[in-house]
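>>> here is a sequence together with a model predicted from it:
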Amino acid sequence: MDPIRRHLLKAAGLFVASRAFASDQQGANMQPSSVKPRHVLCFLGKNESLLHPPKAVAKTIADFGFEIDRTYSQAKPDPHMERSFGVCWDRVFPKAWSEADEMAVLNHKAVLYVLSPPMEQHKTVAYSAAALRIVEEMIEAGATAVKGESAGVAHGLTRWRQLARECKAAANTNQGLTVTPAMGRSCRLAFAKRPLAGDIYNESVGFHLVGLPEIYVARSRGSDRNAANLMDEIADAMAERGIEATLRDRKLALSREQDYAEGDFKFNPYGIVRIEA
């Protein structure tokens, strides 16, 4: 078993008990909701072989406690995918997808969904890193397009591979079982969507997949690019120093009010931080 795979299994508590990532998050974990986030990964492929991943990939999926959803996976095209990917492409990172990626969506012949187990807050980064590992292996096995359904974000294959490499490089296997903030950042960029323009705020969605509250930035503060930069700055600080310390230093408050119902995969049980004008 390679060191990073062993590291992720340990950090997710699937190998042996591990230390918690960003331990002072425990003090900030005061949410009344008992909801645990889950990844829903959507893969497209050229034919029905997508629904039967190679044994090595199937083993990775099973080892990390993920499962293939046989109810909604299908060996035929989904006519809604072109529009779905169209609104989910990441528009923050330059050239996050290409025309070839768009054509792969348009010409797909099969759809596969893979679900993570419900994730405890201090294990979210480890599971999200595992999700990136699964994405990478599925692409190597022939998947032609990938989308993270839990936040509605899609990247082209080149960008997915880049994020997976960055996550591997950030895995600090020389320090026992610590899951690093750099790993969390790679996972956040992979699986969270931002900024989404609401009536009052530019909003993030998907930060719960790395154990953090969402960050909403008042639209009156500037452009959506400025909002995305501020979201990343605060999220990086929360991952590095802890949620409570970051909110205290920046004189920010955590809110439990949000538009997503608890049954929605986009629901964030860790709340929302609103940055006012």
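It's in.
>>> and Pro54, its phi and psi?
Backbone dihedrals for Pro54, given as degrees, to the nearest 10, come out at phi -50, psi 160.
>>> I'd assumed Ala141 was in contact with it.
Yes: at 5.3 Å, Pro54 counts as touching Ala141 under the criterion of Cβ atoms under 8 Å. Where you see a C-beta, it was placed from the backbone N, CA and C, and this is true even at glycine.
>>> dead centre of the chain: give me the residue that sits there.
Among the residues of the chain, the one closest to the centroid is Phe191, at 2.6 Å (Cα atoms, centre = their mean).
>>> give the contact list for that one.
Remark: with contacts taken as Cβ atoms under 8 Å, 6 or more residues apart in numbering, Phe191 is in contact with 39, 128, 131, 148, 150-151, 153, 206, 209-210.
>>> just the buried members of these?
Buried members of these, counted by 16 or more other Cβ atoms under 10 Å: 39, 128, 131, 148, 150-151, 153, 206, 209-210.
>>> let me have those in JSON lines, adding secondary structure, pLDDT and distance to Ile275 as columns.
Formatted as JSON lines, those follow (DSSP: H, G, I helix; E, B strand; the rest coil; pLDDT from 0 to 100; distance: Cβ to Cβ, whole Å):
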{"residue": "His39", "secondary structure": "coil", "pLDDT": "98", "distance to Ile275": "27"}
{"residue": "Ser128", "secondary structure": "helix", "pLDDT": "98", "distance to Ile275": "24"}
{"residue": "Ala131", "secondary structure": "helix", "pLDDT": "98", "distance to Ile275": "28"}
{"residue": "Gly148", "secondary structure": "strand", "pLDDT": "98", "distance to Ile275": "24"}
{"residue": "Ser150", "secondary structure": "coil", "pLDDT": "97", "distance to Ile275": "23"}
{"residue": "Ala151", "secondary structure": "coil", "pLDDT": "98", "distance to Ile275": "19"}
{"residue": "Val153", "secondary structure": "strand", "pLDDT": "98", "distance to Ile275": "21"}
{"residue": "Gly206", "secondary structure": "coil", "pLDDT": "98", "distance to Ile275": "18"}
{"residue": "Leu209", "secondary structure": "helix", "pLDDT": "98", "distance to Ile275": "21"}
{"residue": "Val210", "secondary structure": "helix", "pLDDT": "98", "distance to Ile275": "19"}
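>>> pick the one among these closest to Phe265.
Checking these against Phe265 with Cβ to Cβ, the nearest one is Ser150 at 4.4 Å.
>>> nearest residue to that closest one other than its sequence neighbours?
Excluding its sequence neighbours, the residue lying closest to Ser150 (Cβ to Cβ, 6 or more residues apart in numbering) is Phe265, at 4.4 Å.
>>> likewise for Ile68?
Counting by Cβ to Cβ, 6+ apart, Val114 is the residue found nearest to Ile68 once chain neighbours are left out, at 5.7 Å.
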